[in-house]
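No letters, just coordinates:
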């Protein structure tokens, strides 16, 4: 009859070994300390200073009347009519640009996912708008395309009217007549390549055996896209929407360059309203409070974006 004996217990490492291991970890992290200090100084200290300024009633035209007001500037941000209009314009602008860019980017990504002659050149040309500086892109749309005298749109309309026998076509002031669509179209032109790249990466990450099995089973192209491709792209679409929202909600260049918020504050979004509050009304406290609100909202959106990115990495590593 044999007796079972328990395996010997391993003794815990000596305290000196544990201590040396901890010291080793800190030694390995020490080279990262300058980068950490630089990041804190560049990003966190200005944000803390903005929070402090947001608690003061501070108008540069009245330097002797600066005083602490607590959270009253934040209550002003949520109750002021101009800021409410700016919030509504920001939501409309951001939602329009992101949704249209995702739809167009999906269509272009599906085209570029096919093999055809000149695909590399087509991909490079389609990516080019995203590489243009925002101010340069806004100036291009304002002067080369929207201008009522020599812009491309009115020139094309005049050419079409003359082709059908008319002397001349209508002269439309696109920016004054359609201010919000004018800004949306220019931003869609710039952000569609970004969405296309994300969705093209998702399309090329599809498992080929699943698509081949669907074709062998006789599934149509629309059924394959609806039941296989679209569910696979869900996380990539979410990532594009979240990242696009983070960037588009901060749009200042296009609004300032193309419409300057007008006419009648129809295109004034939050960043441009903060600019007006800071440099036209000289209300530093109110502008800082509005900036803090925008930053906190961006942090919330960025949190969801980081979770989506993490889930994508987990999915890729589990394959």
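That came through fine. Quantities reported herein were computed from a predicted structural model and do not represent experimental measurements.

residue ranges with poor pLDDT in the chain?
1-23, 312-319 (pLDDT under 70).

what are the ranges of the strands in it?
56-57, 67-68 (DSSP state E).

Give me the buried positions along stretch 66-73.
Of all the residues in stretch 66-73, those buried under the rule 16 or more other Cβ atoms under 10 Å are 69, 73. Bear in mind the C-beta positions are built from the backbone N, C-alpha and C, glycine included.

Check stretch 47-58 too.
For stretch 47-58, by 16+ other Cβ under 10 Å, it's 50, 53-58.

In those residues, find the pair that's most separated.
50 and 57 (15.4 Å; Cβ to Cβ).

quick revisit: quick one: closest of the strands of the chain to residue 169.
With Cβ to Cβ, the closest approach to residue 169 among the strands of the chain belongs to strand 56-57: 54.2 Å.

Listing partners with orientation, what would you give for the closest one?
Sheet pairing for strand 56-57, assigned by DSSP bridges, gives strand 67-68 (antiparallel).

Touching the strand it pairs with from outside, list them.
55-57 (Cβ atoms under 8 Å, 6 or more residues apart in numbering).

Now do it: distance to the chain's middle.
35 Å (Cα atoms, centre = their mean, to the nearest Å).

Kindly report the same for stretch 89-109.
11 Å.

now what about that stretch, what contacts it?
Outside stretch 89-109, the residues that touch it by Cβ under 8 Å, 6+ apart are 126, 180, 183-184, 187-188, 191-200, 202-203, 233, 237, 240-241, 244-245, 248-249, 251, 265-270.

what residues are up against residue 130?
Counting by Cβ under 8 Å, 6+ apart, residue 130 touches 190-191, 193-194, 197.

Take the residues you listed and keep only those in helices.
Among these, the members found in helices (DSSP state H) are 190-191, 193-194, 197.

Adding neighbour count and distance to residue 282, write these out as JSON lines.
JSON lines is the format used below for the ones in helices among the contacts of residue 130 (neighbours: other Cβ atoms under 10 Å; distance: Cβ to Cβ, whole Å):
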{"residue": "190", "neighbour count": "25", "distance to residue 282": "32"}
{"residue": "191", "neighbour count": "25", "distance to residue 282": "33"}
{"residue": "193", "neighbour count": "23", "distance to residue 282": "39"}
{"residue": "194", "neighbour count": "19", "distance to residue 282": "36"}
{"residue": "197", "neighbour count": "19", "distance to residue 282": "42"}
